[in-house]
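Asker: compute the structure for the input listed below.
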Amino acid sequence: MPEIYGYVRVSSRDQNEDRQMIAMSEVGVPEKHIFLDKQSGKNFDRPQYLKMFKRLKPGDLLYVMSIDRLGRDYEEIQNQWRILTKEKGIDIVVLDMPLLDTRRGKDLVGTFLSDVVLQVLSFVAENERNNIRTRQAEGIRAAKKRGVKFGRPAIPLPENFEEIVQKWEEGELELVEVLEQSGLSRGTFYRRYRELCLRKQFAEEVLIPKNKSCMYS
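Answerer: Got it, this is the predicted structure:
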C-alpha cells in the first residue's frame, strides 16, 4: 500500500522547522514519516533524506514545503526530481507551488508544464542562493570598513608572557611548560610569539638582542 512521507529541511540548527512541520501535519503526513535534516541544501548527502530515500517505493507520495527545501543546486534538484519520479516511481507535491504536483496532469501537456515550472523554480532557488552569498560578502566588506571585527576574540595573554618567553628562549622552560603556564595552544603560542618578536624588533628593546633572531620569525 502506498505511503505518505514528508521531508523537512532547515539550513542550520538555529532555524525553526515548526512552520514546515505544521504544514506536513495539515496534509496528513504521519509524524513517523516526517524526516528532518538541519543542514545546508547544497548537496544531497543528508542523513534523514537518505534514510527516507531508502524507504520510498513506487506509488508513495512525498510532500516538501518548497523546492528549495529539496535542494538549492539547479542541476542536482533536476537530477533528484528525475530519480524520485522516474526511477523510484513516487509522486511529489510542493506545497507552496500547486503546479508542482505530479499526481495531476500526467498527460504530455501536464508533464511538460510541470517540467517547465520545476526548471524555473530550481533556477530561481540557486540564483537566490548565489545572491545571498554576494550580499553576505558585500555586508562583510562594508562592516570591515566600519571597523567591525570578525572571528573569535583574541585569547588574552598572561601578564608574565614576555617573562615566560624569555625563559623558554634561554632554555629554562620546555615548550610543554610554556603552554601550561601561558594557557595557550601550540599554534596560538607560536603566533603570539611571532607577534611579540616583531614588536620587540621594531621597538629595538632589550628582550630580543640585535644579534639574536626570533626562532619563529
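Asker: in this protein, which spans are helices?
Answerer: With DSSP state H, the ranges of helices along the chain come out as 18-26, 47-55, 67-70, 74-82, 108-145, 161-169, 175-182, 186-203.
Asker: ranking those helices by mean pLDDT, which is last?
Answerer: When these are compared by mean pLDDT, helix 108-145 comes last with a mean of 64.
Asker: in terms of residue numbering, what are the domains of this structure?
Answerer: 4-142, 152-217 (automatic domain parsing).
Asker: so L70 sits against Y63, correct?
Answerer: No. Using Cβ atoms under 8 Å, L70 is not in contact with Y63; the gap is 10.8 Å. Quick note: C-beta positions are derived from backbone N, CA and C, even for glycine.
Asker: shared neighbours of those two, anything?
Answerer: Counting by Cβ atoms under 8 Å, 6 or more residues apart in numbering, the shared contacts of L70 and Y63 are Y7.
Asker: R55 contacts I4, correct?
Answerer: No. Using Cβ under 8 Å, R55 is not in contact with I4; the gap is 11.8 Å.
Asker: between those two, tell me which one has more neighbours.
Answerer: I4 (17 against 11; other Cβ atoms under 10 Å).
Asker: quick check: that one touching L61?
Answerer: Yes. With contact defined as Cβ under 8 Å, I4 reaches L61; the gap is 4.9 Å.
Asker: per-residue confidence at L157?
Answerer: 80.
Asker: check the gap between it and I67 for me.
Answerer: According to Cβ to Cβ, to the nearest Å, L157 and I67 sit 51 Å apart.
Asker: comparing the two, which residue is more hemmed in?
Answerer: I67 (22 against 18).
Asker: the more buried one contacts V93, doesn't it?
Answerer: No. Assessed by Cβ under 8 Å, I67 is found out of contact with V93, at 11.3 Å.
Asker: and for the two, which residues touch both?
Answerer: Here I67 and V93 have L100 as joint contacts, going by Cβ under 8 Å, 6+ apart.
Asker: enumerate every residue touching T85.
Answerer: Neighbour list for T85: D91, I92, T102 [criterion: Cβ under 8 Å, 6+ apart].
Asker: which strand runs longest in this protein?
Answerer: Scanning the chain for the strand with the most residues, using DSSP state E, yields strand 4-10.
Asker: neighbouring contacts of that one?
Answerer: 16-17, 20-21, 24, 27-30, 33-39, 41, 46, 48-49, 52, 55-56, 60-65, 69-70.
Asker: what residues sit buried inside stretch 170-185?
Answerer: L173, V178, L179, Q181, S182, L184 (16 or more other Cβ atoms under 10 Å).
Asker: show me what contacts the fifth one?
Answerer: To tie it back to what came earlier, the one meant is S182. By Cβ under 8 Å, 6+ apart, the contact set of S182 is L157, P158, F161, I164, F189.
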